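>>> how would this look folded up:
(chains A and B)
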Amino acid sequence: MITIKGLREGLLIVFGEEPWLIQMHELEGKLEANAHFFKGGRIALDAKSLVLTVDDLQRVIALLTKYEVNIWAILAQNEITSARAQKLGLATTIATPPREAARQDNGEPAEEYAVGSPEAEGTDGLLVRRRVRSGQVLRHPGHIVVIGDVNPGAQLIAGGDIIVWGKLQGLAHAGALGDPNAVICALELAPNLLRIADAARSSLSVPKREHNKHPEMAKIDHQEIKIVAWQEK
Amino acid sequence: MHPIVVTITSGKGGVGKTTCAANTGCALALLQKKVVVIDGDIGLRNLDIVMGLENRIVYDSVDVIEGRCRLRQALIRDKRAPELYLLPTAQTRDKTAISPQQMVQLCDELRKEFDFIIIDSPAGIEQGFHTCLAPANRVLIVTNPEVSSVRDSDRVIGLVESQEKGPAHLIINRLVKSRVKRQEMLSMEDIVEVLSTEVIGVVPEDENILMSTNRGHPVALNGQTPAAMAFHDIARRLSGEDVPLQVQQSTSFIKRLFGRG
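Below you'll find the predicted structure:
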């Protein structure tokens, strides 16, 4: 079975033990179902112990290209597979070991999880402590937490929830792998566009208002994205 | 003091990069620094016109890179300041004529002789920008007090940071205090709130700039105009002086102050 993880350099798609063709089919299904999440992304593939021919590699590259995903590396235990990937101009190592990608302060390796269950306890996430600027994209299969402002023109795309400890402008897409229960919270919610799973709400329906300088949460309610004030209990 | 390469850039075109490069260069030269200003906008050269040195171009930076002349031969001395030189660019070529590595080499050569190397970068985020960014020790982003300019500056600041050339500093150009007061124009505080970047200078709108640009005589060379004073402040800050940031008053305000029309 395929699992998707977040790296500092982008996403990592890890293949399982099943035959290649079955997993290719699974990958295509995931790309099709979560096109918003993957589109424009930068990914590495971990083929594990699978032995892949040049033809196999070219097919997976073509498949990813079709969904506008850029592949930059293929990791393989098998040396021949690795050599073939190199011939196609791909990297065969990644700088960050996958387990360090999810920041955990206790030093424990991040949990692996299946796509579609980002709310499970112990799943990983991406913590960014800076301003996210126009043109910058943060993409992670788990949760995204930003300590700082997210400027107009920036994008946050998370499989899970999005929390911004600051002012959220720009685009935020939570539950981008299909989870309609995902939420988006910000100290100040002033986005260009909000998406949760397949629902969208543009800034036109989130009018600029002075009184929104308090924490708010966006979530799906009756198939629509609703924004509610974060009330002190 | 080590030689400093200052790249002046912006995402958006027409915000006053070339004016800022020419005037900052002049102001530094008047502080007795040895200064060269490089036109980084290959194929769309302007800096020579703004500095009034267009008619003196024999060789350009691309000639130097491609070995048709020595660096010395391409440098044009501006006699209006003690030690001010221009390295013009080619008008007939495009941005691919100089690679980032070549620009680094060129600047390393210039570092041996100059205190300040000012690069006037092209607008945009393509190769020309990356070529001008490569040798930089300091990056100044020119932004106008308007939303689209600030948005593009934000994008460029992100790129500068990702190339580990940060932190970039801001020149806020063409500010009109009265319009800020009427809330028609973004204030310095508004801009800093979005960009969280240190401001190295605020240049007020100055009607003298248009004439000086057309005549090829940068205001900073002999100016007491509001913009000229702002450029002198920027030059002093670049030289390491601690100059408090203040928006220069517009001429009309000073005139009012002294009760003259």
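>>> ok, and the closest non-adjacent residue to residue 75?
Picking chain A for this. Nearest non-adjacent residue to residue A:75, counting by C-beta to C-beta, 6 or more residues apart in numbering or on different chains: residue A:46, 4.4 Å away. Where you see a C-beta, it was placed from the backbone N, CA and C, and this is true even at glycine.
>>> meant chain B actually
Leaving aside its chain neighbours, residue B:75 sits nearest to residue B:85 (4.5 Å; criterion: C-beta to C-beta, 6+ apart).
>>> likewise residue A:80?
residue A:51 (6.6 Å).
>>> What count of nearby residues applies to whichever residue of chain A sits closest to chain B?
Distances between chain A and chain B by C-beta to the nearest C-beta are smallest at residue A:133, namely 3.5 Å. Neighbour count for residue A:133, taken as other C-beta atoms under 10 Å in any protein chain shown: 27.
>>> how far away is residue A:50 from residue A:75?
11 Å (C-beta to C-beta, to the nearest Å).
>>> Distance from stretch B:63-82 to the middle of the chain?
From the chain centre to the centre of stretch B:63-82 is a distance of 19 Å (C-alpha atoms, centre = their mean, to the nearest Å).
>>> Pull out the buried positions in that stretch.
B:63-65, B:71, B:74-76, B:78, B:80-81 (16 or more other C-beta atoms under 10 Å in any protein chain shown).
>>> what's the spacing between stretch A:183-199 and its chain's center?
15 Å.
>>> wait, I meant stretch B:37-50
The answer for stretch B:37-50 is 11 Å, by C-alpha atoms, centre = their mean.
>>> what's downstream of the worst-scoring helix or strand of chain A on mean pLDDT, the next helix or strand?
Every helix and strand in chain A was compared by mean pLDDT, DSSP states H and E; the lowest is helix A:98-101, with a mean of 40. Using DSSP states H and E, the helix or strand that follows helix A:98-101 towards the C-terminus is strand A:125-128.
>>> what does chain B put close to chain A?
B:151-152, B:154-155, B:157-159, B:161, B:194, B:196 (C-beta under 8 Å from any C-beta of the partner chain).
>>> could I get these as JSON lines with neighbour count?
As requested, the residues of chain B next to chain A are arranged in JSON lines below (neighbours: other C-beta atoms under 10 Å in any protein chain shown):
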{"residue": "B:151", "neighbour count": "20"}
{"residue": "B:152", "neighbour count": "24"}
{"residue": "B:154", "neighbour count": "27"}
{"residue": "B:155", "neighbour count": "19"}
{"residue": "B:157", "neighbour count": "27"}
{"residue": "B:158", "neighbour count": "24"}
{"residue": "B:159", "neighbour count": "21"}
{"residue": "B:161", "neighbour count": "18"}
{"residue": "B:194", "neighbour count": "22"}
{"residue": "B:196", "neighbour count": "16"}
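>>> Pull the contacting residues for the spatially most central residue of chain A.
Nearest to the geometric centre of chain A sits residue A:140, at 2.7 Å (C-alpha atoms, centre = their mean). By C-beta atoms under 8 Å, 6 or more residues apart in numbering or on different chains, residue A:140 lies in contact with A:6, A:11, A:124-126, A:157-159.
>>> Which one (most neighbours) among those?
Going by other C-beta under 10 Å, residue A:159 tops the contacts of residue A:140 with 31 neighbours.
>>> Give me the pLDDT for the residue of the stretch 1-150 of chain B found nearest chain A.
Closest to chain A within the stretch 1-150 of chain B is residue B:125: 8.0 Å, counting by C-beta to the nearest C-beta. Each residue has a pLDDT score; the one for residue B:125 is 91.
>>> Test my guess that it contacts residue B:155.
Yes. Residue B:125 lies in contact with residue B:155 (C-beta atoms under 8 Å); the separation is 6.7 Å.
>>> shared neighbours of those two, which are they?
With contacts taken as C-beta under 8 Å, 6+ apart, the residues that reach both residue B:125 and residue B:155 are residue B:11.
>>> Give the residue spans of chain A that score low on pLDDT.
A:95-123, A:204-212, A:232-233 (pLDDT under 70).
>>> Point out the residues in it that sit beside chain B.
Going by C-beta under 8 Å from any C-beta, the residues of chain A near chain B are A:131, A:133-136, A:149, A:151-153.
>>> Buried ones among the residues you listed?
Buried among those by 16+ other C-beta under 10 Å: A:131, A:133-136, A:149, A:151-153.
>>> If we ignore the residues flanking it in sequence, what's nearest the residue of chain B found nearest chain A?
Closest residue of chain B to chain A, C-beta to the nearest C-beta: residue B:158 (3.5 Å). Excluding its sequence neighbours, the residue lying closest to residue B:158 (C-beta to C-beta, 6+ apart) is residue A:133, at 3.5 Å.
>>> What are the boundaries of the helices in chain A?
With DSSP state H, the ranges of helices along chain A come out as A:20-33, A:35-38, A:54-66, A:79-87, A:98-101.
>>> and among the ones you listed, the most buried is which?
Comparing these by mean neighbour count (mean count of other C-beta atoms under 10 Å in any protein chain shown), helix A:35-38 ranks first with a mean of 19.
>>> what's that helix in contact with?
Helix A:35-38 is touched from outside by A:11, A:30-31, A:67-69, A:139, A:141, A:157, A:159, A:173, A:176-177, A:195, with contacts defined as C-beta under 8 Å, 6+ apart.
>>> and if you look at stretch B:205-222?
B:16, B:19, B:22-24, B:26-27, B:30, B:49-54, B:80-81, B:174-176, B:223, B:225-228, B:231-232, B:235, B:250.
>>> and with 6 Å instead?
Stretch B:205-222 is contacted from outside by B:22-23, B:26-27, B:50, B:52, B:80, B:174, B:176, B:225-228, B:231, using C-beta atoms under 6 Å, 6 or more residues apart in numbering or on different chains.
>>> Sheet-wise, list the partners of whichever helix or strand residue B:201 is part of with their directions.
Take DSSP H and E as the rule and residue B:201 turns out to sit in strand B:199-204. In the sheet, strand B:199-204 lines up against strand B:169-175 (parallel) (DSSP bridges).
>>> any idea which helix or strand comes after the partner strand?
Toward the C-terminus, strand B:169-175 is succeeded by helix B:177-181 as the next helix or strand (DSSP H and E).
>>> list the buried ones in that next one?
Buried residues in helix B:177-181 (16+ other C-beta under 10 Å): B:177, B:180.
>>> Tell me the buried residues within the contacts of stretch B:205-222.
Buried among the contacts of stretch B:205-222 (16+ other C-beta under 10 Å): B:22-23, B:26-27, B:50, B:52, B:80, B:174, B:225-228, B:231.
>>> Enumerate every residue touching residue B:66.
No contacts exist for residue B:66 under C-beta under 6 Å, 6+ apart.
>>> Kindly report the same for residue A:134.
The contact partners of residue A:134, taken as C-beta under 6 Å, 6+ apart, are A:151, A:153-154, B:151, B:154-155.
>>> Please repeat the previous calculation with a cut-off of 8 Å.
Taking C-beta under 8 Å, 6+ apart as the test, what residue A:134 contacts is A:151-154, A:170, B:151-152, B:154-155, B:158.
>>> Need the residues you listed in TSV (columns: distance to residue B:244).
Formatted as TSV, the contacts of residue A:134 follow (distance: C-beta to C-beta, whole Å):
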residue	distance to residue B:244
A:151	28
A:152	31
A:153	33
A:154	33
A:170	34
B:151	29
B:152	28
B:154	26
B:155	30
B:158	29
